[in-house]
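K.L.:
Model the following, please.
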Amino acid sequence: MARYTGPKTKIARKFGDPIFGPDKSFEKKNYLPGQHGQNRRRRKQSEYGIQLKEKQKAKYTYGILEKQFSNLFKKASRNKGVTGEVLLQLLESRLDNVVYRLGLAPTRDAARQLVSHRHITVGGGVVSIPSYTLRSGDVVGVREKSKSLEVITDSLGTARYSSSSWLEWDSDSMTGKFLNVPEREDIPENIQEQLIVELYSK
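P.N.:
Numbering: from 1, shown residues only. From the prediction side, this is the model:
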């Protein structure tokens with residue numbers, strides 16, 4: 001399956017949660033998509049259906065394809081710690097996600113494009129792989145000739161970045177430091193990771 005490029009609000013309405021960030025259209029139509037969405041009752045889902053929906057929600061939130069997500073889960077299950085939490089920590093440690101969290105891009109899709117178009121550096125060197133996993137102490141920055149890009153300056157101008165215990169932003173040098181892997185309580189996404197673990201455990 002190719003990466004979804006359709007209307008974001010439609011997906012948010014499907015999950016009943018603005019998973020792509022603040023969405024005025026979602027607020028106006030906070031019900032199932034489709035012609036009869038407002039009047040249609042949500043059918044009682046099976047246990048499998050609930051678990052699958054949570055996995056799909058996580059995939060759409062982070063913009064991950066099925067194979068990538070499956071590989072990340074396998075990696076999480078091999079690591080020490082609670083598998084569900086480790087999975088979210090791996091997702092949050094991706095370069096495209098950190099670029100988004102630092103406020104350099106308005107969405108994760110935009111952040112992925114900045115990385116793949118070679119506008120982002122890690123430790124002073126250009127990294128063009130969105131799935132690149134950051135380690136404690138890594139410094140993420142913007143290439144010198146890319147600092148005036150409209151998408152970056154506009155995104156930073158909205159002051160969307162909010163300081164967290166695991167990221168540090170220096171506006172003068174336009175660099176952010178990945179201090180450490182975030183704890184579960186520091187990850188704001190509304191995802192029930194245990195349901196995903198149960199799905200893959202079947």
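K.L.:
And the strands in this structure?
P.N.:
Using DSSP state E, the strands of the chain run over residues 120-122, 125-126, 139-142, 167-170, 175-178.
K.L.:
how about those, which one is nearest residue 132?
P.N.:
strand 120-122 (6.9 Å; C-beta to C-beta). C-beta coordinates here come from the backbone N, C-alpha and C atoms, glycine included.
K.L.:
Next, count neighbours for the residue lying closest to residue 115 once chain neighbours are set aside.
P.N.:
Spatially, and ignoring its direct neighbours in sequence, residue 115 is nearest to residue 130 (4.6 Å; C-beta to C-beta, 6 or more residues apart in numbering). The tally of other residues near residue 130 (other C-beta atoms under 10 Å) stands at 21.
K.L.:
now the one 10 residues further on
P.N.:
For residue 140, the number of neighbouring residues by other C-beta under 10 Å comes to 25.
K.L.:
I'd assumed residue 125 was in contact with it.
P.N.:
No. Using C-beta atoms under 8 Å, residue 140 is not in contact with residue 125; the gap is 11.2 Å.
K.L.:
Name the nearest residue to the residue most central in space within the chain, ignoring sequence neighbours.
P.N.:
Nearest to the geometric centre of the chain sits residue 62, at 3.2 Å (C-alpha atoms, centre = their mean). Excluding the flanking residues, the one nearest residue 62 by C-beta to C-beta, 6+ apart is residue 91, at 4.9 Å.
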